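Q: Got a predicted structure here, sequence first:
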Amino acid sequence: MNDVRKGLWVWTPSQLSHRNEKKDLLELCQKEKFTHIYYQVIFSLRGLQANVEGQEYYRDFVREAHSKGIKVFALQSRPHAALRKEHGGVLAEIKALVDFNHKSRFDEQFDGVHYSFD
């Protein structure tokens, strides 16, 4: 049994907005045997309400990655998220991701969430 995980972090999803760039990334992941992509999600945040921006774009990417056997985790970085005053924003983003998954087909859902607190 092979449980080796190999991940790739994508911090600039806008650079993959063209079909060829997305195709190249997924081909690279297959060639290099990446099993996971940690893909930054862009949110609109108003107070304690958050929404995933460009939802159809993310659904399309996740669906294509899943079709190639690659798991996709929503990635977000909040350097000050450990501070109590930031917790509301973090929870709003997580709720937005849960809502995103509930509104998406199974093959379009993120496999998990990865927060970077550095």
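A: Sure, I can see it. Numbering: from 1, shown residues only.
Q: Give me the distance between the two termini of stretch 68-84.
A: 39 Å (Cα to Cα, to the nearest Å).
Q: In that stretch, which residues are buried?
A: Buried residues in stretch 68-84, counted by 16 or more other Cβ atoms under 10 Å: 70-76, 81. Placement of C-beta: from N, CA and C, glycine included.
Q: Return the subset of those residues lying in strands.
A: Using DSSP state E, the members of the buried residues of stretch 68-84 that fall in strands are 71-76.
Q: Same list (the buried residues of stretch 68-84) but as TSV, adding distance to Glu56.
A: Below are the buried residues of stretch 68-84 laid out as TSV (distance: Cβ to Cβ, whole Å):
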residue	distance to Glu56
Ile70	19
Lys71	20
Val72	15
Phe73	19
Ala74	15
Leu75	19
Gln76	19
Ala81	27
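Q: Take these and lay them out in a markdown table including pLDDT.
A: Shown next, in a markdown table, are the buried residues of stretch 68-84 (pLDDT from 0 to 100):
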| residue | pLDDT |
| --- | --- |
| Ile70 | 97 |
| Lys71 | 98 |
| Val72 | 97 |
| Phe73 | 97 |
| Ala74 | 97 |
| Leu75 | 95 |
| Gln76 | 92 |
| Ala81 | 79 |
